[in-house]
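Below are the sequence and a predicted model; questions follow.
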Amino acid sequence: MTTTTLDTVARRAGGPTLRRVLASELLKLRGLRSTIVLVLVAVASVVLLGPINAVGQVVEDEPVHGVGDALSLVLMGASNAAILLGVLGVLTATNEYAHASVRVTFTAVPRRADVVLGKALALTSALVPVVLVSVAIAWEAGRRILHHGGADLGWTDPNVVRMLVATTWYVAGWALLGQSLGWLLRSAVGAASALLGVMFVLPVLTLLIPGKAGDTVGELMVSEAGAAMIRTDQPGPGLDPMAGALIWTLYLGLAIGAAVLATNRRDA
Amino acid sequence: MIEVQQLTKRYGTTLAVDDLTFTVRPGHVTGFLGPNGAGKSTTMRMILGLDHPTSGRALIAGRPYRDLPAPLRSVGALLDAGQVHPRRTAQGHLRSLAATLGEGPRRVQSVLDTVGLGDAGRRRVGTFSLGMRQRLGVAAALLGDPEVVILDEPVNGLDPEGVIWIRTFMRALAAEGRTVLVSSHLMSEMAQTADHLLVVGRGRLVADVPTDTLLRGAEPAVRVVSPRPDDVWRVLEPAGASLAARNGNELLIEGLGADVVARLALAHRLELHELVTHRRSLESAYLELTQDSVDYRSQPFDASSDPTSHPKATT
């Protein structure tokens, strides 16, 4: 049977469909104060850090070299948000294990793939609008501030919309990676450490691989693919943003797939 | 109806559940009884599709749990009262579960009312007493109005009021024609609740009997203390008594009731100091059954031995 027919059977029986699991996971996500706090701090860092730096730039009378330069300056809070929301992602999965509530969840929804997908969809659909609005506010504020420094920046400038969307997907992606690592490792500390390892340690380790192979492997690392997606220094060496986005999304799919496999195989 | 067929679970070299086969019928409270570590919880987790059996299978209404189209509408389970994030509210927890069934806040309030938590819905679960958390667990089990209810050690840590509540509740569920499977390591508790008993020890099924049968298992014995035990025995023996034990002036008689013993002693003008009926308790019947299958047994206390050498008791 395909998932669609299984869903139909479940819906008629009043059982768990993917849509219902998503609704359930959204309730769980909103039901914890820690979620709200992490999201608010992430929003604050996106909205404040970039524009504050823009103010510094203007005060110090340093020029901005083009729209790309301005974007990376104004959106610099996104990397902070990525860490914070990555940890939130970790917690959304490991909270289930910390109190063994995963057993309640899996008795309600025995098709564990639906739980993993439902949780991923809930996290994505909750974060994407919030982050998108935050980066837009940061850009509008930063643009106005830099205008005082003499830079003429608009919404229709090349790369602006792409960058705002890509930055949102970058931040939400780290949250999804954190969630997948949470499913795989089941411990908050373990998964958060692994997440930071993927973010900061893995790219450094690839520098140890000698020659051209090292460069290629380095470019294909998760963090580098993500960084390529939001680069503004094109053309230059390394992946172009489209390729980066593609590889980044592929990695997210693999991580969620691994989480599905692991939860299906293990005893709860 | 729960059918367990040759269910086996092996962790490394230990057999937690060893070839269990039994059926739990609707309309009864079935007690799942065994010492700690006998495999009760593991069996329940396998019935609920949480743990994968090494071999064998468990069916609910003829299907493996994972194939039920709406599992919470077929089976309600209370596994461990602690299984809720302490910072969630009771309502929040139940609403996220109800959402998987397409049910809303009304159903949640109705089950909260049923278990007597109607006013506590907005409180965080972390502030609940153990008894309240058990009630919340029962509320979660009832969300889908299931035919089968599975409760793992529901009376653990409850105050007397809570114990009576749960007991009455299980009986009511069974009276409605539902299938109720409840585990416990306390025989006395099961004697008061369960109609039927499944006794397990070391993962094996040692008894599958109606509670009455297990209780009636042995004839009552009568303890007689008299200053003239030999004369008493001479009177009782022809009446069909058998002597189970003798200790000085004390006789343990089987095969005669206390009334007959009293009448015979009176007729022969024999002085009796004590006349007591020893009914075999469920406790002792249970101990006999599981004697060979207790994992961790307390050793007779010996002050001279090294205390650290005692076997460690675990739960």
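Nice, I can see it.

Name the SS class of the residue nearest to A:Ala70 when sequence neighbours are not counted, please.
Take A:Ala70 and drop its neighbours on the chain: the residue closest to it by Cβ to Cβ, 6 or more residues apart in numbering or on different chains is A:Val64, 4.9 Å away. Just so you know, the C-beta spots here come from the backbone N, C-alpha and C atoms, and that holds for glycine as well. Put simply, A:Val64 is coil when judged by DSSP: H, G, I helix; E, B strand; the rest coil.

Let me see the contact set for A:Val64.
A:Gln57, A:Ala70, A:Leu73, A:Leu146, A:Gly149, A:Ala151, A:Leu153 (Cβ atoms under 8 Å, 6 or more residues apart in numbering or on different chains).

do A:Tyr251 as well
A:Leu177, A:Val222, A:Ala225.

what do you get if the cut-off is 7 Å, keeping everything else the same?
A:Val222, A:Ala225 (Cβ atoms under 7 Å, 6 or more residues apart in numbering or on different chains).

Repeat that for B:Ala221.
If you count contacts by Cβ under 7 Å, 6+ apart, B:Ala221 has them with B:Ala244, B:Leu252, B:Ile253, B:Glu254, B:His278.

Which members of these are classed as buried?
The neighbour-count test (16 or more other Cβ atoms under 10 Å in any protein chain shown) marks B:Leu252, B:Ile253, B:Glu254, B:His278 as buried among the contacts of B:Ala221.

any idea of the pLDDT on the last one?
Which is B:His278. Looking at B:His278, its pLDDT stands at 77.

Got the phi and psi for the residue most central in space within chain B?
Central residue of chain B (Cα atoms, centre = their mean): B:Ser184, 3.4 Å from the mean position. Dihedral pair for B:Ser184: phi -160, psi 160, per degrees, to the nearest 10.

That one contacts B:Met190, correct?
Yes. With contacts counted by Cβ atoms under 7 Å, B:Ser184 reaches B:Met190, the gap being 5.4 Å.

Overlap of the contact sets of the two?
Common neighbours of B:Ser184 and B:Met190, using Cβ under 7 Å, 6+ apart, are B:Gly31, B:Leu33.

picking that back up, between the contacts of B:Ala221, which is closest to chain A?
Among the contacts of B:Ala221, B:His278 lies closest to chain A (Cβ to the nearest Cβ), at 43.7 Å.

beta partners for that closest one?
Note on B:His278: beta-bridge partners B:Ala221, judged by DSSP bridges.

gap between it and B:Gln192?
20 Å (Cβ to Cβ, to the nearest Å).

okay but B:Gly102 is in contact with A:Arg20, surely?
Yes. At 5.4 Å, B:Gly102 and A:Arg20 qualify as touching, with contact defined as Cβ under 7 Å.

Name the residue in the two with the higher neighbour count.
Looking at B:Gly102 and A:Arg20 with other Cβ atoms under 10 Å in any protein chain shown, you find the greater number of neighbours at A:Arg20, namely 24 against 18.

just to confirm, which helix or strand has A:Ala136 in it?
Using DSSP states H and E, the element containing A:Ala136 is helix A:112-148.

quick one: the helices in the stretch 51-200 of chain A?
Per DSSP state H, counting those that start in this stretch, the stretch 51-200 of chain A carries helices over the ranges A:66-74, A:77-98, A:101-108, A:112-148, A:160-185, A:188-196.

Could you tell me what pLDDT the model assigned to B:Asp159?
Looking at B:Asp159, the pLDDT reads 86.

correct me, but it touches B:Met132?
No. With contact defined as Cβ under 7 Å, B:Asp159 does not count as touching B:Met132 (10.9 Å).

Appreciated, that's everything.
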